[in-house]
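Visitor: Sharing a sequence plus its predicted fold:
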Amino acid sequence: MTDSLLEAGVARCRRAGLTVTRPESSAEPPGVARPESPSHDDDSRPFEPERTESVDSPSVSALLSSGRSVAIEGVREADPTLVLSRLWNDRNNGRAALFVVPDRETADRIETLLAPPVGVRAVDAEGRTFHAGPDRVSLAEGGYAAVPVGTELEWRESETPREAVGLTVERGADGSGTAADETVGPWLDLRADGSVVARLDGVDGLGCPPRARFPYAYRRDGDKQIRVVDFAGRPVQRYTGIGAMRDGGFRPVPAPLVPEHMFDGAIDGWWAVLVDGS
C-alpha cells in the first residue's frame, strides 16, 4: 500500500479514539484499528443480491464509531476485483473496511461499485451485468473454458430466450435429456461482441459446468503442452503455453465476479471511503 494513504487512514482512526496496529503478516491488512470497547454483536443480516434501492454512502465517522475492528485499505484505483476481494476478506474476518483513496473520483467509483446492486457493472430489466474476475471457468471434464481472441466478452443475466449455443441437448446415462432452450431463467449468458456464445443455468451454473456449454476448452497435459478442443471434445490444436495459445487465436474465459458467491452476509455498515487530505 502507498504509505501516504496508510498514514492518512491511521491518523483518522486515531483521531476517532481507535488503537492502530501494523500486522507483520502479508495476509493481514497493513493497518488494523480497534476500538477501546469493541462491539460483540453478531450481524447475521443476509446479503441481498437483488436489492437495488439506493442508500446513503456510509460515513467514515459512523464506521469508526461502530465498535468493530477496521482494516485500513489504501486503494489507488477502484479496480472491482481489488475492492470486492478486500471487503470480502475483511467482512469474513469480522473487520470493517476503510478504503483510503487519493481523490474524490476514486471514492465515487468505489461508492458506486458497493451501492445496491452491489458489485456489478450494470442492471436492467433482464438482470445484472457482471465484472470479469481473475479466475478462470473450470469445467466438469477437467480443464478450462476458452473462446476465440479478439472479441469483447460480457457476462450477464438474461430472462429472454436467445439462439441455441453449444450442444442443444444434454443426455444422462438413462437417455433422458433437456433442451438448452427449455432452461428456466434467469440464466447466465457469456456474450462476445453482443452475441451469446455460452449459456449457464444462472450464476450457480458456474460451479464446474460441462464443456459442451462453451465453444472451446483447454487443459495442460502431462507433457506440459496445452491442448485446445471444441465443445464436443474434438482436438483443435496444441500449444507450448498460454501465450502461444493466445497467439494461436484462443484465450481463457474469465469467471465473473458474483457478489453473492463472495459475501455471506450484508455489507451495509461494513465499509466507508476516506479521501486522503479530507
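Guide: Noted; the coordinates are in hand. Residues are numbered from 1 along each chain as shown.

Visitor: List the contacts of Arg219.
Guide: In this structure, Arg219 makes contact with 142-144, 226-227, judged by Cβ atoms under 8 Å, 6 or more residues apart in numbering. Backbone N, C-alpha and C define where each C-beta goes, glycine included.

Visitor: all helices for the stretch 101-250 of the chain, in order.
Guide: Ranges of helices within the stretch 101-250 of the chain are 104-114, 242-247, based on DSSP state H, counting those that start in this stretch.

Visitor: related to what we said a few turns ago, in CSV: the contacts of Arg219, plus distance to Leu153.
Guide: Shown next, in CSV, are the contacts of Arg219 (distance: Cβ to Cβ, whole Å):
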residue, distance to Leu153
Gly142, 22
Gly143, 18
Tyr144, 14
Ile226, 20
Arg227, 22
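
Visitor: List buried members of those by neighbour count.
Guide: When neighbours are counted using 16 or more other Cβ atoms under 10 Å, those contain these buried positions: 143-144, 226-227.

Visitor: Looking at these, which is nearest Val258?
Guide: Sorting those by how near they are to Val258, with Cβ to Cβ, puts Tyr144 at the top with 17.4 Å.

Visitor: Retrieve the pLDDT associated with that closest one.
Guide: Reading off the confidence values, Tyr144 has pLDDT 98.

Visitor: Kindly report the same for Ser61.
Guide: The predicted structure scores Ser61 at 96 on the pLDDT scale.

Visitor: Can you give me the neighbour number for the closest residue to Ala255 other than its chain neighbours?
Guide: Using Cβ to Cβ, 6 or more residues apart in numbering and skipping residues adjacent in sequence, the residue nearest Ala255 is Asp135, 4.4 Å away. Counted with other Cβ atoms under 10 Å, residues neighbouring Asp135 total 15.

Visitor: my guess is Asp135 contacts Pro252, does it?
Guide: No - because the distance of 9.6 Å does not satisfy Cβ atoms under 8 Å, Asp135 is recorded as not touching Pro252.

Visitor: Tell me where the model's unsure across the stretch 51-200 of the chain.
Guide: Using pLDDT under 70 as the threshold, the predicted model of the stretch 51-200 of the chain has low-confidence ranges 160-185.

Visitor: Repeat the analysis, applying 90 as the threshold.
Guide: 51-58, 125-126, 151, 159-186 (pLDDT under 90).

Visitor: could you pull out the strands for it?
Guide: With DSSP state E, counting those that start in this stretch applied, the stretch 51-200 of the chain shows strands at 69-74, 95-101, 120-123, 128-130, 132-136, 144-148, 153-158, 169-171, 177-179, 187-192, 195-200, listed in chain order.

Visitor: quick one: which of these is nearest Gly269?
Guide: Comparing the strands of the stretch 51-200 of the chain by their distance to Gly269 (Cβ to Cβ), the top pick is strand 95-101, with 7.5 Å.

Visitor: what about that closest one, distance to the chain center?
Guide: On the basis of Cα atoms, centre = their mean, to the nearest Å, the separation between the geometric centre of strand 95-101 and that of its chain is 18 Å.

Visitor: Now do the buried residues in it.
Guide: Neighbour-count burial for strand 95-101 flags 95-101 (criterion: 16+ other Cβ under 10 Å).
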